[in-house]
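1. Here is a sequence together with a model predicted from it:
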Amino acid sequence: MNIAIVADWLPTYGGAEHVVAAFHALWPRSPIFTTVASRKHLGPLADADIHTSPILQFVYCLTRRHQYLLPWMPRALERIDLKGFDVVLSSSHAVAKGVIPPPESVHVSYCHTPMRYAWEMEEEYLRDFRIRGWLLCLVKAELKRLRRWDLANSRRVDHFIANSAETRARIGRIYGRDSVVIPPPVEERFFETPISVSRYALHVTRSKDDNQQPATSNQQPYFLALGRLVPYKRFDLLIELANKLKLPLKIGGTGGDAPRLKRLAGPTVAFLGHVEDAELPSLYANAECLLFPQVEDAGIVPLEAQASGVPVIAFARGGIMDVVRNRETGLLVPEQTVDAFAAAVQEFRTITWDRPTIRRAAERFSRVNFQQRIREEVRAAYERFHSGSFKL
């Protein structure tokens, strides 16, 4: 099959870009089409055959803000010439699935979510970007136009793959389409990091077939949270929790909410800023636990933590329900409140966590398994398309 890979944008190497990299590793000769890209920030994708929109790329190089270009991205994607490709494989959380495939091509879309800021989190995103006054009216009108375009172009997809059961439900609710669920991939290096011994556990149970010795660390115990510092991620809840319990908490990430969060933080909270990709495995492995208070469609951070043998305490809503097995690989918190998370931390400290078991449970999310399932879905979609059995 001659495959074209399409992405929304590629300014950095985040969760969506990990999916694109997994696609490209499967089909390394496939070109990648997108709106804008920053090669120096794309890790393994830096040397890929990436095609951008000339005009949008020029403006992006001046502004370094791809968000400003969103109103012009749909038109840029629709202008991409994909003639000669058997399969169009898009990785989309925004506009990539709106690409126009040739009549002879099957379009398979790995959907991270229908556009959250257009459909279900408009107010949260407007607050995050501090949009006010006349600009607020302009942006809301543009989001309304995007919703109409997004709904119409969902018909250009022949086969949807969702990254979680939550996303599958949203695809069905918004687009009226079915999908199969394949969670995002976890890089193998997280499975290879030595497992650290929990300071709160009395011992680590090891099975006979597990030949990995737990590693010890000279670092002080800490709880960990990672992500963009924006309000909906609820880092403020975690800071209040750390202040209340005198909990050693490390927060990794950058974002517009950083000044407010730093004002809230007590002496047990440390801000790491941007964490380099190479530093992540040891940062996870030496943590007591990952704290995940937000609602996400899916998320690579809890998967990477569990691949490192680290349990997760998470708010029990969204894609996390596909990931955490309660009291086996983490704890699911019924309420998004400080008191509920405080109770979970206390419960966490009474459990002896079997970190090798947590790692083994995460193997279903490995990059190898992800690629195998993606290959099977793309092949099956291609064959159904050419047999005429697709029904939208």
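-> In hand now; what should we look at?
2. rest of the way, CA atoms for contacts and neighbours
-> Fine.
3. Downstream of the helix or strand containing Cys137, the next helix or strand is which one?
-> Taking DSSP states H and E as the definition, Cys137 sits inside helix 133-153. Following helix 133-153 in sequence order, the next helix or strand is strand 159-162 (DSSP H and E).
4. sorry, back to before: pull out the buried residues from the helix holding Cys137.
-> Judged by neighbour count using 16 or more other C-alpha atoms under 10 Å, the buried positions of helix 133-153 are Lys140, Leu143, Leu146, Arg147, Asp150, Asn153.
5. pLDDT weak spots in the stretch 1-150 of the chain?
-> The stretch 1-150 of the chain contains residues with pLDDT under 70 at 117-118, 120-131.
6. Would you map the helices across it?
-> Secondary structure of the stretch 1-150 of the chain (DSSP state H, counting those that start in this stretch): helices at 15-26, 54-63, 73-78, 116-119, 122-128, 133-153.
7. Compare the ones you listed and give me the one nearest Asn286.
-> Proximity to Asn286, assessed across the helices of the stretch 1-150 of the chain by C-alpha to C-alpha, is greatest for helix 15-26 (21.7 Å).
8. Could you export the closest one as PDB, CA atoms only?
-> Output in PDB follows, covering the C-alpha atoms of helix 15-26 (Å, rounded to 0.1, in the frame of the first residue of the first chain):
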ATOM      1  CA  GLY A  15       1.600  12.800  22.600                       C
ATOM      2  CA  ALA A  16       0.000  13.200  19.200                       C
ATOM      3  CA  GLU A  17       3.500  13.300  17.600                       C
ATOM      4  CA  HIS A  18       4.400  10.000  19.300                       C
ATOM      5  CA  VAL A  19       1.500   8.500  17.300                       C
ATOM      6  CA  VAL A  20       2.700  10.000  14.100                       C
ATOM      7  CA  ALA A  21       6.200   8.700  14.800                       C
ATOM      8  CA  ALA A  22       4.800   5.200  15.400                       C
ATOM      9  CA  PHE A  23       3.000   5.400  12.000                       C
ATOM     10  CA  HIS A  24       6.200   6.600  10.300                       C
ATOM     11  CA  ALA A  25       8.200   3.800  11.900                       C
ATOM     12  CA  LEU A  26       5.700   1.300  10.400                       C
END
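9. any idea how far stretch 21-38 is from the chain center?
-> Stretch 21-38 sits 17 Å away from the centroid of its parent chain (C-alpha atoms, centre = their mean, to the nearest Å).
10. which parts of that stretch are buried?
-> Applying 16+ other C-alpha under 10 Å to stretch 21-38 flags 21-24, 27, 30-38 as buried.
11. who's in contact with the closest residue to Ala46 other than its chain neighbours?
-> Distances taken as C-alpha to C-alpha, 6 or more residues apart in numbering place Arg39 nearest to Ala46, at 4.8 Å, with adjacent residues excluded. Arg39 makes contacts with Pro11, Leu45, Ala46, Asp47, as judged by C-alpha atoms under 8 Å, 6 or more residues apart in numbering.
12. what's the pLDDT at the spatially closest residue to Pro356 that is not a sequence neighbour?
-> Excluding its sequence neighbours, the residue lying closest to Pro356 (C-alpha to C-alpha, 6+ apart) is Gly309, at 5.9 Å. pLDDT for Gly309: 96.
13. before we move on, what about the one 5 residues further on?
-> Looking at Ala314, its pLDDT stands at 98.
14. hang on, the earlier thing: what's the neighbour count on the residue nearest to Pro356?
-> 35 (other C-alpha atoms under 10 Å).
15. mind checking which helix or strand it is in?
-> Using DSSP H and E, no helix or strand contains Gly309.
16. That one against Glu363, yeah?
-> No. Contact criterion C-alpha atoms under 8 Å: Gly309 and Glu363 do not qualify, at 10.8 Å.
17. can you pull the contacts of Arg189?
-> Pro281.
18. What helix or strand is it located in?
-> helix 188-192.
19. Tell me where the stretch 201-350 of the chain has helices.
-> Under DSSP H, counting those that start in this stretch, the stretch 201-350 of the chain gives helices at 235-245, 258-264, 280-285, 300-307, 338-348.
20. any idea how this structure splits into domains?
-> Following automatic domain parsing, one gets these domains for the chain: 3-185+367-387, 188-365.
21. thinking again about what came up before, kindly reformat the helices of the stretch 1-150 of the chain as TSV containing distance to Val378.
-> Formatted as TSV, the helices of the stretch 1-150 of the chain follow (distance: least, C-alpha to C-alpha, whole Å):
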stretch	distance to Val378
helix 15-26	11
helix 54-63	30
helix 73-78	21
helix 116-119	26
helix 122-128	32
helix 133-153	20
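22. Chain neighbours aside, what residue packs nearest to His51?
-> Phe33 (4.8 Å).
23. Contact partners for the one you found?
-> Ala4, Ile5, Val6, Ala7, Ile50, His51, Thr52, Ile80.
24. Any figure for the gap between Phe191 and Val19?
-> From Phe191 across to Val19, the span is 18 Å (C-alpha to C-alpha, to the nearest Å).
25. Need the residues that contact the helix or strand hosting Arg375.
-> Taking DSSP H and E as the criterion, the element that holds Arg375 is helix 367-387. If you take C-alpha under 8 Å, 6+ apart as the criterion, helix 367-387 is touched by 22-23, 26, 86-87, 106, 108, 158-159, 182-188, 390.
26. and if we set it to 7 Å?
-> Ala22, Leu26, Val106, Val108, His159, Pro184, Pro185, Val186, Glu187, Glu188, Phe390 (C-alpha atoms under 7 Å, 6 or more residues apart in numbering).
27. Stretch 93-108 now?
-> In contact with stretch 93-108 (C-alpha under 7 Å, 6+ apart) are residues 6-8, 74, 77-78, 82-83, 85-90, 109, 111-115, 153-154, 156-160, 378, 382, 385.
28. Give the buried residues for that stretch.
-> By neighbour count with 16+ other C-alpha under 10 Å, stretch 93-108 contains the buried residues 93-102, 105-108.
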